[in-house]
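Peer 1: sequence and predicted model, in that order:
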Amino acid sequence: MKETFSNNVKKELAEIKNYTDKTQLINELRGYIYVSEQNKVITKNEFNINRISKLLSNLDCDKFKVEILQGNFCLTIPIEIFDKYNDNQIPDNEESLKPFLRGCFLRSGYTSDPRKSYHLEILIDTKEKAERLIEKLKLFDFSFKLSEKNGKYLIYIKEGEQVSNFLAFIEAGKSVMKFEEDRVIKDVSNNVNRGVNLETSNVKKIINASMQLINDIEILKKNNIYNQLDEREKEVAELRVKYPDKTYDELGKLANPQISKQAVSHRLNKIHNLAKEV
């Protein structure tokens, strides 16, 4: 089994010890059944098959069949059990909805690695069931959206806080901690990158403007106009040539005596205007 964040979430859910609470077991099984019209649960994850096996066993059903088909685990839910709990009903209260959503997610859910993106989805066989689940989740402040995928229907969320809250709702506590840790690192990294990109952009603008002014200064020198500048203007011109990456404010602080960035701008603008007249 490939270790992914999504698989780790499912593994944590599969290890929840609630086998003595028959109401929770029934609602979790109903979640497994709700998302698919098939009574066969097919997965690559052994812990998922173990989970539904224990659900059925603790509900006094031992007639299920487990086999391996083309490298996948396949569990067949007895048709009488499947029909019994395939009532299309979604629990109304929070305590019953939590295990129901666990079952939905364990069977056909997926969540992306939070270090890369925020995305959580559940695949459902019919549009009607998908829309009904979306409406129910709105009552608990989850804003799932709907899309079609290969003839089935996907409900999904892409906002970090929503994904985190959903994982907490289905009681994947360790995964929530990991998600939030990665989310903080990702957000800080993005902020740093935005700052670096902005700084790089600003530096490029400064250097481009400097190259223009340095070219202006060369034009004045070639045409014997440079000596018409006063000493203050020449000082700023030489500072511009020596420090092409410095801002006007920084150039002003390098002057002797120090001058304001407005004074630097005024003197460099004069040089540029003189060059344009040549």
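Peer 2: Yep, it's here.
Peer 1: low-confidence bits of the stretch 101-250 of the chain, can you list those?
Peer 2: Where the stretch 101-250 of the chain drops to pLDDT under 70, the residues are 187-204, 206-207.
Peer 1: measure D245 to N208 for me?
Peer 2: 11 Å (CB to CB, to the nearest Å). Every C-beta, even on glycine, is put in place using the N, C-alpha and C of the backbone.
Peer 1: cool, and R132?
Peer 2: Distance, R132 to N208, by CB to CB: 58 Å.
Peer 1: and these two? Which one has more around it.
Peer 2: Of the pair R132 and N208, R132 is the one with more neighbours under other CB atoms under 10 Å, namely 16 against 10.
Peer 1: what's the neighbour count on the nearest residue to L120 once chain neighbours are set aside?
Peer 2: Counting by CB to CB, 6 or more residues apart in numbering, L120 lies nearest to T111, which is 4.2 Å off, once chain neighbours are set aside. For T111, the neighbour count with other CB under 10 Å is 27.
Peer 1: contacting residues for T111?
Peer 2: 5-6, 9, 119-121, 163, 167 (CB atoms under 8 Å, 6 or more residues apart in numbering).
Peer 1: specify which member of those residues is nearest to L29.
Peer 2: V9 (19.2 Å; CB to CB).
Peer 1: secondary structure element for that closest one?
Peer 2: Taking DSSP states H and E as the criterion, V9 maps to helix 5-14.
Peer 1: identify the residues contacting that helix?
Peer 2: 1, 45, 47-48, 50-51, 102, 105-106, 109-114, 167, 170-175, 178-179.
Peer 1: distance check, the residue nearest to L120 against E277.
Peer 2: As for T111, its distance to E277 is 65 Å (criterion: CB to CB).
Peer 1: surely A168 meets F179?
Peer 2: No: under the criterion of CB atoms under 8 Å, A168 makes no contact with F179, lying 9.2 Å away.
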